[in-house]
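> for reference, the sequence and a predicted model appear below.
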Amino acid sequence: ASLNDGATQYVCVGWVGTGSTPLSGTSNVTAFNITNASTLTWLWQTNYWLDLTPWSDGELDVATGWFARGSNVTITATASNGYHFTTWGGDLASTNNPLVLAMNQAYPGLIAYFAVNTNDVVSSAGPNGNISPLGAVFVPYGGTTNFLITPNANYHVTNVIVDGSSAGVPTNYTFVSVTNGGHTIAAYFGIDQFTLTVASSWGAPNPGVGITTNNYGNPISAWVAGSPAVFGNTQYVSVGWAGTGSVLPNGAGTNTSFNITNTSTLTWLWKTNYWLATAASGAGSVGVPASWQGAGSNVVIGASPSNGYHFVNWTGDLAATTNNPLNLTMSQAYSVIANFAVNTNGITSSAGPNGNISPLGAIFVPYGGTTNFLITPNANYHVTNVIVDGASVGATSGWTFVSVTNAHTIEAHFGIDTYTLGVASLYGAPSPAGITTNDWNTPIIASVAGSPVTLSGTQYVCIGWVGTGSAPPNFFTVLPHQRSESSLIAFRWVL
């Protein structure tokens, strides 16, 4: 039998008796035969109500129920996995666990509170970047947390160390289903790096040909040495560069500077030249001196003869040609020679009958040269006139043209030799008479008529002559002879 009065319960736990009543008992029923004065005292126990409520995520080892007043109840609160006991609440406040509760009253509302476990994750970041959240972060048991890893401008993540091991280079990292504490995450950063690719067909560039890796913003001074580079008759000249990325797209010269901020290329540009060797053979000049000329360029070369000379042709590393000026495409190295020859001026000589001029005919004399002509009459002839360029220069046996600069003519004319015949006679009629001029070898018949001649009783008789030159020294009246030199005939008379 029990009687409840709210949170208090009274339970009959037996009796005590005297007389005919049994001395004691533990039930709420007894039977006896009364035979004397007796007493029966029913015994009651007071219980208090203990109402136990575990909050979520835990349990209690004592069930809700009635407990005897004055008794001690030991209650242990056990948290679920990932949780922990925090406090008792409701009818009392205590953090004891287990809780020893003295039942001196009813506890109609005793609550055990539990809380989820939190596990720490400690984050850190090296220079030149951040991790968020930073520092100690507490994560509920089984929970998830994310870290955002952000490098500074122009830097990048180099490594992320999670719990002592590398997790690579993520920009965020998530801890999933965290069930324990002591996690760590550390982010490390490095400056961005960019490649510079250098190309050059010739010379010695710095940085050298190939690929270099450079930190962001690194100042680079680039140049190329060894320009011009000469290999035989070919020359390579650095004329500038072409670039991409941080390098200017183009430029002239052999050096450039820049700060590298992205992937870049630098290509040194070279111009090919070929050696053009020019020379003159003979008296003259070439308008283009020996020099380097751009490959594929067209070179116009003029040949200028000296005074009195003329251009003949071009020879050398090309087929002989008379083109002047010469248009030469520099597809290779060339050696060209301008050939000159002295101008020749014609002198035409001629001779009339009975003589010669030597040399005879057309004679070619180098410009500024000298030539001589010998004029020779035949035997018993003589030069009568020499005509040079249409004008008489007299009867000369030779003529010299000096410093000949143009064409000339020379003509030689001859005449037979002539001799005088002087005839003297005191009387008569001589034939020929006096002084006559006669061509060489002309036959002469000399005579005197009228002999004898009588004058005043005196008779003169021609008895011959005396002569000089071609005339016989003496003869009779009639004198035949041929003239070959100047002669004299004197007819002789006697009384």
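Right, received. Where do you want to start?

> pLDDT weak spots in the stretch 151-300 of the chain?
With pLDDT under 70 as the threshold, the stretch 151-300 of the chain has no low-confidence stretch at all.

> so which strand or helix has G464?
strand 458-468 (DSSP states H and E).

> what packs against that strand?
Under the contact criterion of 3 or more CB pairs under 8 Å, 6 or more residues apart in numbering; DSSP states H and E, strand 458-468 touches strand 453-455, strand 474-475, strand 479-482, strand 487-494. C-beta here means a position set from N, CA and C on the backbone, and glycine is covered the same way.

> angle of it against strand 487-494?
Angle of strand 458-468 versus strand 487-494, following axes from the mean of the first three to the mean of the last three CA atoms, to 10 degrees, is 150 degrees.

> pull whichever helix or strand H84 is part of out as CSV, backbone CA atoms only.
Assigned by DSSP H and E, H84 belongs to strand 83-90. Output of strand 83-90 as CSV, limited to C-alpha atoms (Å, rounded to 0.1, in the frame of the first residue of the first chain):
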residue,chain,number,x,y,z
TYR,A,83,29.9,14.8,-26.4
HIS,A,84,30.8,15.6,-22.8
PHE,A,85,28.9,16.2,-19.6
THR,A,86,28.7,19.8,-18.6
THR,A,87,26.4,20.3,-15.6
TRP,A,88,23.3,19.3,-13.7
GLY,A,89,20.4,21.6,-13.8
GLY,A,90,16.8,21.9,-12.9
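
> next structured bit after that strand?
Counting by DSSP H and E, what follows strand 83-90 is strand 99-102.

> quick check: bridge partners of A204?
A225 (DSSP bridges).

> please apply the same query to T145.
F175.

> with T267 instead?
Residues in beta-bridge contact with T267 (DSSP bridges): A199, A242.

> and it, how many neighbours does it have?
18 (other CB atoms under 10 Å).

> repeat that for L328.
Neighbours of L328 using other CB under 10 Å come to 22.

> show me what contacts it?
L276, N298, V299, V300, I301, L318, Y334, V336 (CB atoms under 8 Å, 6 or more residues apart in numbering).

> buried ones among those?
L276, V299, I301, Y334, V336 (16 or more other CB atoms under 10 Å).

> so the last one makes contact with N313?
No. Judged on CB atoms under 8 Å, V336 makes no contact with N313 at a distance of 10.5 Å.

> contacts only, for G368.
G308, V342, S403, V404, T405.

> so of these, which ones are in strands?
V342, S403, V404 (DSSP state E).

> if we can go back for a sec, now the contacts of G368 in TSV, with pLDDT, distance to Y188 and neighbour count?
Below are these laid out as TSV (pLDDT from 0 to 100; distance: CB to CB, whole Å; neighbours: other CB atoms under 10 Å):
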residue	pLDDT	distance to Y188	neighbour count
G308	91	90	17
V342	93	89	17
S403	93	98	10
V404	94	99	22
T405	91	96	13
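
> quick check: the farthest pair among the residues you listed?
V342 and S403 (13.0 Å; CB to CB).

> joint contacts of those two?
G368, G369.

> phi, psi of A167?
In terms of degrees, to the nearest 10, the main-chain angles of A167 are phi -110, psi 20.

> that one is in contact with V157, isn't it?
No. The criterion here is CB under 8 Å, and A167 misses it with V157 at 10.3 Å.

> quick one: which of those two has more around it?
Neighbour count, other CB under 10 Å: between A167 and V157, V157 has more, with 20 against 14.

> where do the helices sit along this protein?
Applying DSSP state H to the chain gives no helices.

> contact partners for the residue lying closest to G450 once chain neighbours are set aside?
Nearest residue to G450, sequence neighbours excluded (CB to CB, 6 or more residues apart in numbering): G428, at 3.9 Å. G428 makes contact with V448, A449, G450, S451, V453, Y460, C462, F491, W493, according to CB under 8 Å, 6+ apart.

> for burial, what's the neighbour tally of the last one?
Put plainly, it is W493. Neighbours around W493, by other CB under 10 Å: 20.

> is it in a bridge, and if so with what?
C462.

> contacting residues for it?
By CB under 8 Å, 6+ apart, the neighbours of W493 are S425, L426, Y427, G428, S451, V453, Y460, V461, C462, I463.

> so how do I select the buried members of those in PyMOL?
In PyMOL syntax, the buried subset of the contacts of W493 is picked out as below (16+ other CB under 10 Å):
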select buried, resi 425+427+428+451+453+460+462
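
> beta partners of A229?
Applying DSSP bridges, one finds that A229 bridges with Y236.

> what's the neighbour count on it?
16.

> residues contacting it?
A229 touches W202, G203, Q235, Y236, W270, counting by CB under 8 Å, 6+ apart.

> which residue comes closest to the last one once chain neighbours are left out?
Pointing back at W270 there. Closest to W270 by CB to CB, 6+ apart is Y236, at 4.7 Å.
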